[in-house]
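Undergrad: heads up, no residue letters with this:
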């Protein structure tokens with residue numbers, strides 16, 4: 001079996017494969033749901049000997065509003081805590097900050113072909129998800145949950 005076939009089989013075994021996406025920069029690109037209601041990407045870039053697991057999250061406007069009402073020092077401390085926490089998960093990340101307000105974050109990790117097993121793939125997917133959860137928990141801890149009267153019924157409490 002080739003790498004793509006293995007990965008597709010493993011993702012189907014774990015019932016998390018949603019679809020294959022066309023991506024001119026990838027040999028293959030799968031959209032997965034792990035766990036339920038959390039979308040992630042599994043990508044093999046063209047010409048690379050690795051698989052990238054990625055999860056992008058847009059911060060909900062309601063949480064941005066809560067951040068806005070905090071002090072600049074609280075926002076800067078939050079960003080530092082966020083970066084330090086993500087570093088402890090040994091993942092790569094990009095955070096989009098505008099005026100000390102977290103707007104979006106992307107967590108990624110890489111598995112190289114010579115170490116690719118079902119176990120390593122699933123552990124990497126879980127690590128990326130846990131790093132995302134760290135960000136969600138930290139937002140709630142620093143700024144509090146969105147008041148119930150501001151939660152939009154068709155959206156997740158925290159992220160769009």
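TA: Structure received. Computed from a predicted structure; not experimentally measured. Residues are numbered from 1 along each chain as shown.
Undergrad: After the longest strand along the chain, which helix or strand is next?
TA: The single longest strand within the chain, with elements called by DSSP state E, is strand 101-112. Following strand 101-112 in sequence order, the next helix or strand is helix 118-143 (DSSP states H and E).
Undergrad: Could you pull out the buried residues of that following helix?
TA: The neighbour-count check on helix 118-143 (16 or more other Cβ atoms under 10 Å) flags 121-122, 124-125, 127-129, 131-132, 134-136, 138-139, 142-143 as buried. Yep, even glycine has a C-beta here, placed from its N, CA and C like the rest.
Undergrad: returning to that earlier point: tell me which residues are up against the longest strand of the chain.
TA: Outside of strand 101-112, the residues that reach it under the criterion Cβ atoms under 8 Å, 6 or more residues apart in numbering are 49-59, 64, 67-68, 75, 78-79, 82, 86, 89-97, 120-121, 124, 127-128, 131-132, 135, 139.
Undergrad: Among those, which are located in helices?
TA: If you go by DSSP state H, these have 64, 67-68, 75, 78-79, 82, 86, 120-121, 124, 127-128, 131-132, 135, 139 in helices.
Undergrad: Name the helix or strand of this protein that has the lowest mean pLDDT.
TA: Taking mean pLDDT, DSSP states H and E as the measure, the helix or strand of the chain with the lowest value is helix 61-68, at a mean of 92.
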